[in-house]
Every structure is written in structure tokens, then in C-alpha cells.
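Asks: prediction below, plus the sequence it came from.
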Number of protein chains: 2
Amino acid sequence: MLQITDHLDRGLTFAEGFSAGAIRSGLKTAGDDISLILAEVPSAVAGVFTTNQVKAASVTYSSTVTRGGMAQAIICNAGNANACNGTQGDIDANTMAVAAANAIGIPHDQMIIAQTGIIGHPMPMKIVTDAIVSLPAAMGHGAEIDMQVARAMMTTDLVPKLIGSEFLSDHVSGTFKIGGCCKGSGMIAPNMATMLCFITTDVEISARDLQIALSGAVRTTFNRMTVDGDTSTNDMVIVLANGKSRTKINTPEALVDFTSALEHICLHLAKAVARDGEGATKLVKVNVNGAKSESDADKIARTIAESPLVKTALYGNDPNWGRIMMAAGRANIPFDFNLVDVFLGGIQVFKAGIVVNFDPEEASKYLNQATVELTVELNAGGHNVTFYTCDFSYDYVKINAEYHT
Amino acid sequence: MLQITDHLDRGLTFAEGFSAGAIRSGLKTAGDDISLILAEVPSAVAGVFTTNQVKAASVTYSSTVTRGGMAQAIICNAGNANACNGTQGDIDANTMAVAAANAIGIPHDQMIIAQTGIIGHPMPMKIVTDAIVSLPAAMGHGAEIDMQVARAMMTTDLVPKLIGSEFLSDHVSGTFKIGGCCKGSGMIAPNMATMLCFITTDVEISARDLQIALSGAVRTTFNRMTVDGDTSTNDMVIVLANGKSRTKINTPEALVDFTSALEHICLHLAKAVARDGEGATKLVKVNVNGAKSESDADKIARTIAESPLVKTALYGNDPNWGRIMMAAGRANIPFDFNLVDVFLGGIQVFKAGIVVNFDPEEASKYLNQATVELTVELNAGGHNVTFYTCDFSYDYVKINAEYHT
């Protein structure tokens, strides 16, 4: 039994023993653009990084730190991705990490770096290093800081995405807390995307178990969330566990519960990203049920969730289930069409391979909501998968045609 | 040596021994919507069909006819895809083929059927069979008929797509002609899409060799053309060869030349489809050169050509090569980033993994043209692939949010 208490106004300083701060350097046209998350003590660290062949300097740097299993802080900037900048990009990432570590007085190898923004523009390092000097004075705790840090990470995001939750489990000695914060609204796709997510927790856990828990939580949340199928050069999810609650995750049962807790945080943030997808007007839950394997269900759900034709129909509140079937059919997973049922929310539109005589106006009214659900029942096995996505509007095109240059 | 003379105003009745006609049944809101292509004599037939798991009744029906190797006519309707209509859909496809065969006096098993339009709406068979009776009187030859038939196939297409070409080869005894006609502007993707393409030729060839030639021609043309990555339930490319020119394709050298000739027709039509992509403002040629294998080049080119972020940047005339690299990187093909060059037309924007100091205004001006070219040089091997696509505009969303219901 895992008891959960959510605090939707809290974020990275919700767990015990973490502080954070944000400042403005000028990398973004307005607002804070550099943030720092600091653990009181060296902490266990785990990370999941982009699978894109083209990796930003920060991804290379931070995955090396993460492999060491220990870190104490994360420095993050928005406005410049420092990707495709060659050797100079690697030097700049290193310089920024060292400057941040010096500013707050921790060893250089305890600093994670995360960057997001435009690709292929050299980092204007002077404004970055000049600004970092003022970071220590900006550090603090509490809801206001949590929100400020969440905003500083944003690029094309419209809303900050954060959560703090308290957990009580039968399998651990006491309560523990997890805080999370995330940015991303385009170039979002399974296997990570222009998405940065930081998680702080006060449990006591080994780096190895922390990695197992994080990988498990990401698999069923961020990796089942897509905006446009495009994945970025810079994505990462980082978790720091500082042990300050003295709640130990040191049995298999405790690890299962802690993984569920991390999954709860990641799911909340993944849904927030999909809902804030560039130009999105609604959050779309795509369920594929009754598949022969989880992998089959995953591939079909992903193909539906990424289909531009399905997503534009959803924007138009159009119960065009034919496009859902078309997308399901092109996932390269064999299934018996004559067993398939399709539902829009509770409205069945397709039964055993044939259209049902449903009321299109009622279905259209259902789709005209902030959260909608599509369900494809394959009736071929026992595996279910849920994907999160959004609709595809004029504004997606506008935002992405006009960003940059 | 293959000499080619193109006639851009000609189509399916350009080759000797073919007639065609189009009529209006009311399946579409306006214009002709049923067309018939007829060979004077039973002809060799070959076809390539959608790989979507969900296949329309016409696909099942026509692939069976095609496997027999002989056909004499194609009946086609636009306005209703007759897909996802269960057993009734199969019955209706059969009824329509039989009605058309009866009307023009050929055996039922010599009739190919092709359908396109909305998915999952029962075929209003009475208006179809009533209209088919008037088809024989509509049959004829020449440029006017070719254009009329091309228009009758259209759904969201803005322009008809047709070509007639005359070929002279050292390896055959005389000239031969090929006519082609195609519809499609959305749900277009590699491995076929809501696309119908009919080809007529007067060569004398076995059905087996005709299939080899068609499969070869489609692989490097229609299968390397994408609008939105969505593939449909109804796609097919059908070729009829009636032997009327008495030019025999009966040696390996002749088959190579005939395949090139078919490829010429298919490439012209595939480019026309990409250029007419829903909402498209430009045709985009994506070259991936210097790959270790053709399959590697194909996957990278396809990922770039399907990326919504690349396509919206192209719509905005934005030389955002970072998105091209991002897309190349997510194709799951390993490559050495530090060897990569990127060009927009003749403008190099990326050299050996680092951005080149190019003039963004000049690059943006280059992108503001009816046809643009992106080239990624991997410098890793000798395999090159070209994909055709279009940009992604407000109008893509508008067309697809508002189509239907």
C-alpha cells in the first residue's frame, strides 16, 4: 500500500535537504534562464538520456557524471541547447559546470549540467559565467522558489510543470518525499525529447537501485508520451536522492514501492508536458488493450498517438475513427481486424471490425474537452498500454515555423 | 540508352489500345467521381498494394485479380473508401466490379477495383450502380479524356496528376508508350498511402516481368515520397500492359530499360503528389548521401522527410539545420557526427560536425522557392538516397481538422 499526498504548487525543494535558485543571464529574451538545484550533501544520482545519435555536450558530460553514481547539484540553462557546437561546445559545457561548482563550493565532478534551447548557436559564455556568480545569493526553499526554478527552465512551454508528493508505504520505515520539475512542449517523443526533468528525493538508496527505479518509471511515463515524434539532442531525466529523510529503500518490496512513487511523479509531469504540447488544445489518452504483448500494444498506441491525421481530427473534434484504425494498421503489428472495438471515451464507434451506429454530434461534443480518451480493444491477449499525446493545431505550425532566425 | 519524350497533358489513353471515361454518381459533393480505364484486349497486370494491416475491400479484391496476371479494366471511385465496412464492404466492392464489367462487356474476373475517400461509411450502392450504366457512353481517347479521368480520381488534391511518355530504347524493337495518372495529397507515406496510381502501357510483356518492373520502379519513387507518414487502407499502383505496340520486353536488357521507363513515370507522379501535399507550399527533395548502405540512407532520409519540426521550419523558410541534424540523429542509424556536412541547396550550413558561418537571409531566400533541396552528406560510404516531401503549413491542419463530419 502506497499512500500519496500531492502538493501541486511544490517542486524541487519539497523533499528535505534541497535548495534551489534561478537567475537571469540574458540567454532567453525575457525572464530567468539559469537555475541551480543543490543537495545539502553528496547524493545518489541516476539519469536517463536521449537516444538521439546527435547528443548535446550536456548529455555527454552529465551521463559521465551519472555513471559515477554520485552528484550534489544540477546547473541548467534555457535559451541555448549548446548542441552541434563541436569541441567548443564540450569546452563550454565543462566551463559552465566548473563555474557553477566553484560558485557554490562543491567539487566539479559533483555537478550535472542540463541545457535546452536553440541548436547550433555557440554559447555566449561571458554572460553565462558573469551571471553564475550571483547564483548563491538566489538560493532558497519553498513554493515560491519551486515555481521560479520551474519557470526558468521553460522555452516554448506555456505553463510551468512541477509537483511535490509525500509517500507512505508499508514496506519502508517512514514517510519520504519526492519533488519534480519538467520542461518541454515540442520535439517530444518516446525515448525522450526536448525535455528536461529533474527529480529530488530524500530517501536513502543506492545509486544502482535509484537507476533501476528511474528507468522503470520513465519507461511507462515519459517514454509513452509524444507530441510530434521528434526527439531532441538534449533530453535528460535526472534524479538526486540525498538520504535526508532516513527512509531506507533497501528491500525488493521497498524498491517496488519507491518505483511506483517515482512513476507517480513522472506520470504527472509527462501528462503536463503532453497537455502543454506546442499548440495543443487538449490532452489525449490513447489506450491499446488486449494485445498479445506489451511491445505490440506499445507500437500500436505510439503509432496512433503520433499520427498527424489522428491529431488534426482531434483538434477538429472530429470522431474520425477511420483514421484511428488506419494508424493502428500501419504499426506493422498483425492483428485480426474483425475482433477490434474502438471507443471515444465511453462511446463505442467500432465493434468487431464494423462501424457502430453512433451519434457523431455526441462524439464530437465528447472530443471537445480538455482531456479525451481513445481506446482500441484488440481482443487478442492480455496486454494493455496507455500513451499520452495532444492534438495538432494551427498553432503547432505557427510556433514551429516562426521559432528562430 | 533510353530516349524519352514527355507529354504533360496526356495520361491513361496515351498508350495505344486504351480508352477511358468518367462520370458523376454523387459520391463526391461535386464533379465526376467514377472512372473506368479499359484495354482493348485482356492485358498483363501487376500491382503494388498498401502494407497497412487494415486493408479496404478494393485492396483485397484487386490483389486477388492481380495475382492471376491478367486484367482488362480498372473501375475507380472517389468519395468513399469502402474501408472498415465489414462483409458488406466486400459484397459492395464485388457488386461494383461486376456492374462495371457487365456495363462494358468484359468478364468479371478481368476487372480491377480502386476506391478512395472517407473510411467507414457504407457505400451508397444504388447511386453507384445507377451511374455505372452510363459509363460506356462516356468512354473515349485523347488529352481531354485523360484530364477528365485524372480529375475524377481526386479527393483533397488541388491539381490533377498525369503524364504520357514515349520511349525509345536500344534494347527493344520499337518505341513504346506509357501513360500514368495518380491521386493523393494526404495520408501519403513510404510503402504507399491514400494514393491511387494507374499506369497503362502498350508493350508486350509477361505479367511476371511486369510485376518485377513495377516493384522496382515503386521502390525508388512512391516509396520514397511522404507527406505526413500516414499510410492508408486503400492504396494501390496498378499497371496494365496490352501489347498493342508489339514492342516486346523479353530480354534482361529490355526489362532494365522498361523498368527505367516506368520509374520515369512514377517519379513524375510521386513528385506531383508531394508538391500537392495537403497544405504544401513547396516540394522538398531530401538527399542523404555517403551512407554505409542504401537502407541506412533510406531510414535517415525518411526520418528527416517525416519530421514535423523540419517541415514546419521549411514552411517558415527557416534555415534551422539543427532540426535536420536532430531528425537525422533519431533514425536509429549510427553515424559519425563529426564527418557530417549539411547543405540547403548549394549553401553549406554545417561542415564536419560544426556550423558554418552562412548568411541566414540568403538561406531563407533559397528556402522561399517552389522546389528546395536539403542534402546531408554522411561521408561514411557510397550509398545515396533521395526522398520527396513537402512542407507542413497551417493549411495541412485546416484541411485535416475540417475534412469529414
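Replies: Cool, got the structure.

Asks: C-alpha only now, for contacts and for neighbours.
Replies: OK.

Asks: pull the distance from stretch A:19-39 to the chain's centre.
Replies: Chain-centre distance of stretch A:19-39: 19 Å, with Cα atoms, centre = their mean, to the nearest Å.

Asks: residues near the residue nearest to residue A:15 when sequence neighbours are not counted, how many?
Replies: Residue nearest to residue A:15 in three dimensions, not counting chain neighbours: residue A:177, with 4.9 Å by Cα to Cα, 6 or more residues apart in numbering or on different chains. As a burial measure, residue A:177 scores 24 neighbours (other Cα atoms under 10 Å in any protein chain shown).

Asks: same check, this time on residue A:129
Replies: The number of residues near residue A:129, taken as other Cα under 10 Å, comes to 18.

Asks: contacting residues for it?
Replies: Neighbouring residues of residue A:129 by Cα atoms under 8 Å, 6 or more residues apart in numbering or on different chains: A:96, A:99.

Asks: rewinding a little: helix/strand/coil for the residue nearest to residue A:15?
Replies: Of the three states, residue A:177 takes strand under DSSP: H, G, I helix; E, B strand; the rest coil.

Asks: I'd assumed residue A:17 was in contact with it.
Replies: No: contact between residue A:177 and residue A:17 fails when scored by Cα atoms under 8 Å: they sit 10.6 Å apart.

Asks: any shared contact partners between those two?
Replies: Common neighbours of residue A:177 and residue A:17, using Cα under 8 Å, 6+ apart, are residue A:202.

Asks: what's across from the residue nearest to residue A:15 in the sheet?
Replies: Counting by DSSP bridges, residue A:177 is bridged to residue A:166.

Asks: for it, give me its contacts.
Replies: A:14-16, A:164-167, A:201-203.

Asks: same check, this time on residue A:122
Replies: Here residue A:122 is in contact with A:82, A:85, A:88-89 (criterion: Cα under 8 Å, 6+ apart).

Asks: in a strand, it, correct?
Replies: No: per three-state DSSP, residue A:122 lies outside any strand segment and is coil.

Asks: are any of the contacts of residue A:177 buried, and which?
Replies: Those of these that meet the buried threshold are A:14-16, A:164-167, A:201-203, by 16 or more other Cα atoms under 10 Å in any protein chain shown.

Asks: and which of those residues is nearest to chain B?
Replies: Nearest to chain B among those is residue A:201, at 31.4 Å by Cα to the nearest Cα.

Asks: name the nearest residue to that closest one, ignoring sequence neighbours.
Replies: Residue A:201 sits nearest to residue A:178 (Cα to Cα, 6+ apart), 4.4 Å away.

Asks: can you check residue A:236 too?
Replies: In space, and not counting its chain neighbours, residue A:236 is closest to residue A:49: 4.4 Å by Cα to Cα, 6+ apart.

Asks: so the one you found sits against residue A:232, correct?
Replies: No: using Cα under 8 Å, residue A:49 is not in contact with residue A:232, being 10.1 Å away.

Asks: which one's more surrounded, the two?
Replies: residue A:232 (34 against 21).

Asks: secondary structure class of the more buried one, three-state.
Replies: Assignment for residue A:232 (three-state DSSP): coil.

Asks: now do the same contact list for residue A:323.
Replies: A:309-310, B:119.
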